[in-house]
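**Q** what's the 3D shape of this:
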Amino acid sequence: MTRVARVLLVEREDAFRTALRTRLEQAGHEVACARDPEEARGLLSEGLVPDVVVAEVPGDGLQAMRELAPLAAHLRIVREREPSLSKTLEEAPAEGGLAECSADPGEVLRRIEEVLLDHSRIGADDTAEQCLDLARRLSNSLPNVAATEQRIELITEAFDTFFGVEGSYVVRRGESPDSWIEASRGLGSELVARIGEEILRRSAHRDIRPFLARLDAAGATHDVACAAVSVGEEEIDLALVLRSAPSDPALRESLMNLVGAALRAAIRVSELERARSLVEAHQESFRSLLQMSRELSEVGGQRALAERILAVLHRELGIPRAALFAPRENQGMLDLVASTGFPRVALERIGLSGFHGVGHDCLVANELVRLSDVDTEGVAARELSILFKAGLKWSIALSHDGRALGLLFFGSREDHSGFPEGDRQVLYALREATVVALRNLQRMEELRSLALRSLRGLVAATELRYPVDRGHAERVTRDAVVAGRALGLSAVELRDLAYGAMLHDVGKLALGDEEGSRQRLHPVAGSRILAGANPGAVVVQIVEQHHERVDGLGHPYGLRGDGIHRLARLVSVADAFDHMIHRQGLERDQALERLERGAGLVWDPGMVALFSAEVGRNPSESSSDENWLEELIGAY
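**A** Prediction:
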């Protein structure tokens, strides 16, 4: 930045004005805002003296403000690029014209630096023009190259053209200076060491922005320009020792800010291109995982989701062996959810914990871990031995906001000594999609748990009012779900069946104590109670139709045959069977015989046969476990 500049920002759109003001203030500028030219004129007439006026107004409006702020540089924001804006910066209007830029906050900041430089050239030498020309050249050329080596060549050529380059120094920074990889050309060892010390000093303070500094070495003072040419997994810095350089501190700082802006633009272009290529190459995997996130209610719970994750991993990366562990609620243990490529029994007794051993080390790392690098002290040695025998060589944690969602172990295809960079990027992308899927599943389970607690509350209220029905809803639900599994119902259908069976008598809460009235009217009353809670159409149909008969003589609507929902027909059989045993005192064989006599008249013959085969000979017992329903329908 040339200096702390006073900027007058004229923009009618609140969100964009706020974003742009924040960006400019973060860069150190003082910003005054106006919503329209009239408000801006008021500020100017009250004595505001800006260095730069930035406005999204027609040219004549900006021209009017120029008359009130003749000493300021003026920059016009254009939302849609006009033909004039397709010009290169070399073709931008000279002083006396109106400089223009797009509505991108980063470009506005960069153009402010340029117009300030351009505005400061009055009475100055050619140095400012050289700085501006160099920045323009890099801004136009760097986004067109992707390779770090090409960026280094372009930057070196540009600086050599305008200021001359005596030598260069390139360093790939690691976690510590001992792991840095350095290369230099045309420089003495003392100067190389001095440049490395300066980069280390700035990186230690997280101040590794582009800089142009004077460094003393070998009895002389050297102008050294330095910038990061690659960021992310590879932190690579380029330092150039210049033959000449701007002497004005403001020009030096502004020049390197513009170089940094050009480099950041180039790096963003490269990252977007890599992301596009990655998505194109593996779009089927991403589509599969995203679709899985949207359709978790159809997956059937954690295990089915885990199995699909492993299938995608195998299809996209050719990984033949993998296992997914999930943390046990509030206990710290990691349970095996799904595995592929080896017998499941190989890991069932490994006893992984999130508090110690391999489980802890891999979760804390929160990145790709080669298991051969894990400390083998204590229980880790036994755990690693088991994992290696199963052919698992790597792990990656699945977490969100510091909370562990899972731990994935896998074996690479053949070469266990390394993991290709391209595959690594795919793996990380799949991990992020998997975390989204697991988080969605977690949220759905929380909502499902809340729904189940509400459901149990309604049933408890019904049984409190009518003690004779205590345990009836649970027994009917257990019998219906057992038969439903034999019927081949999906996870969603089983859940609807369980909810409908649990709530089939809830309508009794809204009715009086007269038995006949309750019996006739409680199905409709129950459906009305549930309609406001929106449990799903199938659940409401089960509650409303469980006293219909296949011969059409039931109530409340006299539906017959297939006009009655098939799950209501199943609950009707389970309901009648439980009443025969617990209210009428029949033996199980007697109750089954009565069901068979009524098949085709009262009850669906197919449902009676299925119920008799799957449930009739195996009594259901009530449970004191409050999670019995979740376990019954396989919700977890």
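**Q** so where is the stretch 1-150 of the chain shaky, pLDDT-wise?
**A** 1-4, 27-28, 57-63, 80-98, 117-126 (pLDDT under 70).
**Q** what are the boundaries of the helices in it?
**A** All helices of the stretch 1-150 of the chain, identified by DSSP state H, counting those that start in this stretch, fall at 14-26, 37-45, 59-68, 105-119, 127-141, 148-162.
**Q** of all those, which lies closest to Ile267?
**A** Nearest to Ile267, of all those, is helix 148-162, at 8.8 Å by CB to CB. All C-beta atoms are positioned from the backbone trio N, CA, C, and that covers glycine.
**Q** quick one: find the helix or strand in this structure with the lowest mean pLDDT.
**A** Lowest on mean pLDDT, DSSP states H and E among the helices and strands of the chain sits helix 296-299, with a mean of 44.
**Q** in CSV, list the helices of the stretch 1-150 of the chain along with distance to Val171 and mean neighbour count.
**A** Shown next, in CSV, are the helices of the stretch 1-150 of the chain (distance: least, CB to CB, whole Å; neighbours: other CB atoms under 10 Å):
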stretch, distance to Val171, mean neighbour count
helix 14-26, 28, 15
helix 37-45, 47, 16
helix 59-68, 45, 15
helix 105-119, 26, 21
helix 127-141, 20, 20
helix 148-162, 12, 18
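**Q** so for Leu509, which of the ones you listed sits nearest?
**A** So among the helices of the stretch 1-150 of the chain, helix 14-26 is nearest, using CB to CB, at 50.2 Å.
**Q** which elements pack onto the closest one?
**A** Helices and strands touching helix 14-26, as assessed by 3 or more CB pairs under 8 Å, 6 or more residues apart in numbering; DSSP states H and E, comprise strand 6-10, strand 30-34, helix 105-119.
**Q** the longest strand seen in the chain relative to helix 127-141, how many degrees between them?
**A** Within the chain, and with DSSP state E defining each element, the longest strand by residue count is strand 220-230. On the basis of axes from the mean of the first three to the mean of the last three CA atoms, to 10 degrees, strand 220-230 is oriented at 30 degrees to helix 127-141.
**Q** who does the next helix or strand after strand 220-230 touch, helix- and strand-wise?
**A** Downstream of strand 220-230, the next assigned helix or strand under DSSP states H and E is strand 235-242. Contacts defined by 3+ CB pairs under 8 Å, 6+ apart place strand 235-242 against helix 148-162, strand 165-173, helix 189-204, strand 220-230.
**Q** so can I have TSV of the helices of the stretch 1-150 of the chain showing distance to Val224?
**A** Listed next are the helices of the stretch 1-150 of the chain as TSV, based on distance: least, CB to CB, whole Å:
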stretch	distance to Val224
helix 14-26	26
helix 37-45	42
helix 59-68	40
helix 105-119	21
helix 127-141	16
helix 148-162	11
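**Q** coming back round to it: okay, the helices and strands packed on strand 235-242 in TSV with distance to Leu387 next?
**A** Output for the helices and strands packed on strand 235-242, formatted as TSV (distance: least, CB to CB, whole Å):
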stretch	distance to Leu387
helix 148-162	37
strand 165-173	33
helix 189-204	37
strand 220-230	35
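**Q** and of the ones you listed, who's closest to Glu182?
**A** The closest of the helices and strands packed on strand 235-242 to Glu182 is strand 165-173. By CB to CB, the value is 4.8 Å.
**Q** name the surrounding residues that touch that closest one.
**A** For strand 165-173, contacts defined as CB atoms under 8 Å, 6 or more residues apart in numbering pick out 152, 156, 159, 180-187, 191-192, 195-196, 199, 203, 222, 234-243.
**Q** in the stretch 251-400 of the chain, where is pLDDT below threshold?
**A** Low-confidence segments of the stretch 251-400 of the chain (pLDDT under 70): 274-301, 330-331.
**Q** now do the helices in it.
**A** All helices of the stretch 251-400 of the chain, identified by DSSP H, counting those that start in this stretch, fall at 283-294, 296-299, 302-317, 357-365, 380-389.
**Q** tell me which of the helices of the stretch 1-150 of the chain approaches Ala261 most closely.
**A** If we rank these by CB to CB, the stretch that ends up nearest is helix 105-119, at 4.5 Å.
**Q** who does the closest one touch, helix- and strand-wise?
**A** With contacts taken as 3+ CB pairs under 8 Å, 6+ apart, helix 105-119 sits against helix 14-26, strand 52-55, strand 73-77, strand 99-101, helix 127-141, helix 249-281.
**Q** and the lengthiest helix in the chain with helix 249-281, angle?
**A** Identified as the longest helix of the chain according to DSSP state H is helix 421-465. With the same axes, to 10 degrees defining the directions, helix 421-465 sits at 70 degrees from helix 249-281.
**Q** mind checking how far the residue lying closest to Arg35 once chain neighbours are set aside is from Ala55?
**A** Distances taken as CB to CB, 6 or more residues apart in numbering place Arg12 nearest to Arg35, at 5.3 Å, with adjacent residues excluded. Between Arg12 and Ala55 the computed distance is 10 Å (CB to CB, to the nearest Å).
**Q** now do the helices in the stretch 501-636 of the chain.
**A** Under the criterion DSSP H, counting those that start in this stretch, the stretch 501-636 of the chain contains helices at 515-531, 537-545, 566-582, 588-598, 605-611, 628-633.
**Q** okay, buried residues for the second one please.
**A** Within helix 537-545, the residues that qualify as buried by neighbour count (16 or more other CB atoms under 10 Å) are Val538, Val539, Val540, Gln541, Ile542, Val543, Glu544, Gln545.
**Q** quick check: the third one vs Leu503, distance?
**A** As judged by CB to CB, Val540 and Leu503 stand 9 Å apart.
**Q** and the second one, by the same measure?
**A** Distance of Val539 to Leu503, computed by CB to CB: 7 Å.
**Q** what do these two both touch?
**A** Counting by CB under 8 Å, 6+ apart, the shared contacts of Val539 and Leu503 are Leu530.
**Q** who wins for proximity to Ala346 among the helices of the stretch 1-150 of the chain?
**A** Closest of the helices of the stretch 1-150 of the chain to Ala346 is helix 148-162, at 43.7 Å (criterion: CB to CB).
**Q** now tabulate the helices and strands packed on helix 105-119 in a markdown table and tack on distance to Phe325.
**A** A markdown table is the format used below for the helices and strands packed on helix 105-119 (distance: least, CB to CB, whole Å):
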| stretch | distance to Phe325 |
| --- | --- |
| helix 14-26 | 42 |
| strand 52-55 | 54 |
| strand 73-77 | 53 |
| strand 99-101 | 52 |
| helix 127-141 | 49 |
| helix 249-281 | 27 |
